[in-house]
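> give me a 3D structure for the following:
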Amino acid sequence: MEDEMRKRTAGLALAVALVLAGLLLPGGTAQAETFKLRLKESLCGQDDAFCKNLETSSKGHFGDSLVFSLPLVRQSDKERIGRDEGECITLHADAERYYCTFVAHLPKGDISVQGALKLNSGQVSVLPITGGTESYLGASGYWQQNGRNVVLHIVTP
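Now for the predicted structure:
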C-alpha cells in the first residue's frame, strides 16, 4: 500500500512538473495568435475624418503637430471596421518624419502604436505595436503604412 502511494505521488509530481515546464519554457503549449489586417486609412477632410494642424511657425518645423481621428476600412470590401486616433509631431524637418503615437480602435479591442512615420506618402513606414486591450491585451507586432494603405500585423500572447 505504501509503495503504491509513493508511485501515485511520484506520478502526480511528474505530471505537475511537465505541465509547469510546458507553460513556463519557450515552445511550451501556450500558442500566440497572429492577426493580419489590410486596411485603408481615410484622408483628412473626408467624411467622418477629423484633423487639426497645430503649427508653431511654418509647416514642417520642430514641434508642429497633427492631431487626427480617421476611419479605417478593410481594403477587400471597403467596410468600415474602426478608426485610428492620435497625434504626430515633427521632431526634425530635414528627417521628413513625424513621431506618432496613436490608438487603432477595432471591433475586438484597441491597439496602441508608436514610432516614426515618413512624411512622403510614397515611402513605407513601419511602426511598432506597443500594446493592446481586450482581445489584443499584451499585443505586439507592427503597423506598416504606405500612403493610405495599412497592413496591421498583430501578435497576441
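> next helix or strand past the helix or strand bottoming out on mean pLDDT in the chain?
Using mean pLDDT, DSSP states H and E, helix 2-24 stands out as the lowest-scoring helix or strand of the chain, at a mean of 43. Heading C-terminal from helix 2-24, the first helix or strand you meet, by DSSP states H and E, is strand 33-41.
> which residues touch the spatially most central residue of the chain?
Centroid-nearest residue in the chain, with CA atoms, centre = their mean: Ile129, separated by 3.3 Å. For Ile129, the contact set (CB atoms under 8 Å, 6 or more residues apart in numbering) comprises 111-113, 139-143, 153-154. C-beta coordinates here come from the backbone N, C-alpha and C atoms, glycine included.
> ok, now Thr101?
Under the criterion of CB under 8 Å, 6+ apart, the contact list for Thr101 reads 86-87, 112-114.
> just the buried subset of those residues, please.
Buried residues within the contacts of Thr101, counting neighbours by 16 or more other CB atoms under 10 Å: 86, 112-113.
> export those to JSON lines and tack on pLDDT and distance to Asp47?
Formatted as JSON lines, the entries for those read as follows, by pLDDT from 0 to 100; distance: CB to CB, whole Å:
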{"residue": "Gly86", "pLDDT": "98", "distance to Asp47": "20"}
{"residue": "Ser112", "pLDDT": "98", "distance to Asp47": "26"}
{"residue": "Val113", "pLDDT": "98", "distance to Asp47": "23"}
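> distance to Cys100 for those - can I get that in CSV?
Listed next are those as CSV, based on distance: CB to CB, whole Å:
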residue, distance to Cys100
Gly86, 6
Ser112, 11
Val113, 7
